[in-house]
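Enquirer: A structural model of the following input is requested.
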Amino acid sequence: MRWQLGVFEWFIRNLSGDVPLSDVPSLVPGRGHFIADQERGHKLGLRIFEQARHYVRLGDDVTVTLVAQPPRRESIVSERIALQHEKPEPLGTCRALGPGQFEISYDPELLKDHENLISTFAHELSHVLVPPGSDLPVAEDEYEFLIDLCVAFLGFGVFLSNTCAQRLTDGAWSWWRGGGYLPVNDRIMATALFVALKESEADRALVLEFLRPELRGTFKKGLRQLRRFEAELARLRALASEVIEVAKAQPRPALPSLPWSMGTKLAFQAPCIQPLSSAIAAPGTNAVSTTEMGDAIVKALEARG
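Expert: So this is what the prediction gives:
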């Protein structure tokens, strides 16, 4: 728990921008958070990806290209024979092409599993926000765990938790569904930490409604455990308010001057993060239903027509 609290403190200092925690929504596979208009194939992937990008709040000066991965190698040969590949293929990848330019790939099979698709997009976009480097709050071999926690900090905790690895069966065959790196209990705790920091009963109820039923008890236990850390939570809330005030008084930070790739060590530089009201109101996305937004966000949408 203290490890997660320390990581969330780092996120607050480096990723908050000028957006208060109270304005970051708990995203769920419903309530109009992600919308599609009968798109199919890669067009559907692009539609959902752009909406995920807006919730992550990458600035307009960051270019991210989305590409579909080639078809996967077949595993099932016949009713009695299946192949086990030496190296599992990733659900998604993130590659730096140059300063402020990235390419994200995804497994097109995820188009049949929208929760896993959104969780994968959030994970890969978090790589853009938090490149590997020497100034991170975790050891080098915990970098992917840090990225999973970032997904929860950005409001995607329900997607992160619901897409933990699980074994599925169909007759004589069984296989694994899900992605990411953190164990399921850590994912749920990170989701609970995000909700506890917001002090929002509405978020608590929303998460409980959309978490997989077998995960809801663990989420409630996580919230109860966090009561023992109320002093630390109060300190992080105060820190978040201070960071917002400082960010509003300063110009936006510059992008890293050099490209990075997985395994390359660079000193962390905060990315350009645009205000949430601007991100979700991006023209042509229709990514968010306004019925449950805060007054400030609704006004921002109305001002944009």
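Enquirer: quick one: contacts for residue 151?
Expert: The contact partners of residue 151, by Cβ atoms under 8 Å, 6 or more residues apart in numbering, come to 119, 122-123, 126, 157, 159-160, 180. The way it works is simple: take the backbone N, C-alpha and C, and place the C-beta from them, glycine included.
Enquirer: tell me the secondary structure for it?
Expert: helix (DSSP: H, G, I helix; E, B strand; the rest coil).
Enquirer: try residue 136
Expert: coil.
Enquirer: how many neighbours does it have?
Expert: 19 (other Cβ atoms under 10 Å).
Enquirer: surely it meets residue 143?
Expert: Yes. Judged on Cβ atoms under 8 Å, residue 136 makes contact with residue 143 at a distance of 6.8 Å.
Enquirer: pLDDT-wise, which helix or strand of this protein ranks last?
Expert: helix 276-280 (a mean of 38; mean pLDDT, DSSP states H and E).
Enquirer: report the separation between residue 185 and residue 90.
Expert: 23 Å (Cβ to Cβ, to the nearest Å).
Enquirer: so residue 42 touches residue 68, yeah?
Expert: Yes. In this structure, residue 42 is within contact of residue 68 by Cβ under 8 Å, at 5.3 Å.
Enquirer: joint contacts of the two?
Expert: Going by Cβ under 8 Å, 6+ apart, residues that sit against residue 42 and also against residue 68 are residue 108.
Enquirer: any idea how far residue 14 is from residue 115?
Expert: 27 Å.
Enquirer: so which residues of the stretch 101-250 of the chain form strands?
Expert: Using DSSP state E, counting those that start in this stretch, the strands found in the stretch 101-250 of the chain span residues 101-106, 166-170, 173-177.
Enquirer: before we move on, back to that, so can I have CSV of the contacts of residue 151 showing neighbour count, distance to residue 97 and pLDDT?
Expert: Putting these into CSV (neighbours: other Cβ atoms under 10 Å; distance: Cβ to Cβ, whole Å; pLDDT from 0 to 100) gives the following:
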residue, neighbour count, distance to residue 97, pLDDT
119, 30, 24, 96
122, 28, 20, 97
123, 26, 19, 96
126, 22, 18, 96
157, 30, 30, 98
159, 30, 26, 97
160, 28, 27, 96
180, 25, 24, 70
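Enquirer: and of these, the nearest to residue 111?
Expert: Nearest to residue 111 out of these is residue 119 (Cβ to Cβ; 13.6 Å).
Enquirer: would you agree the closest one is in contact with residue 163?
Expert: Yes. Contact status for residue 119 versus residue 163: in contact at 4.3 Å, counting by Cβ under 8 Å.
Enquirer: which strands and helices lie in contact with the helix of greatest length in the chain?
Expert: If you go by DSSP state H, the chain has its longest helix at helix 230-248. The helices and strands touching helix 230-248, judged by 3 or more Cβ pairs under 8 Å, 6 or more residues apart in numbering; DSSP states H and E, are helix 2-15, helix 184-198.
Enquirer: nearest spatial neighbour of residue 161, chain-adjacent residues omitted?
Expert: Excluding the flanking residues, the one nearest residue 161 by Cβ to Cβ, 6 or more residues apart in numbering is residue 187, at 4.6 Å.
Enquirer: returning to that earlier point: let me know which of the helices and strands packed on helix 230-248 is the nearest to residue 23.
Expert: Using Cβ to Cβ, the nearest of these to residue 23 is helix 184-198, at 9.5 Å.
Enquirer: nice, that's everything, thank you.
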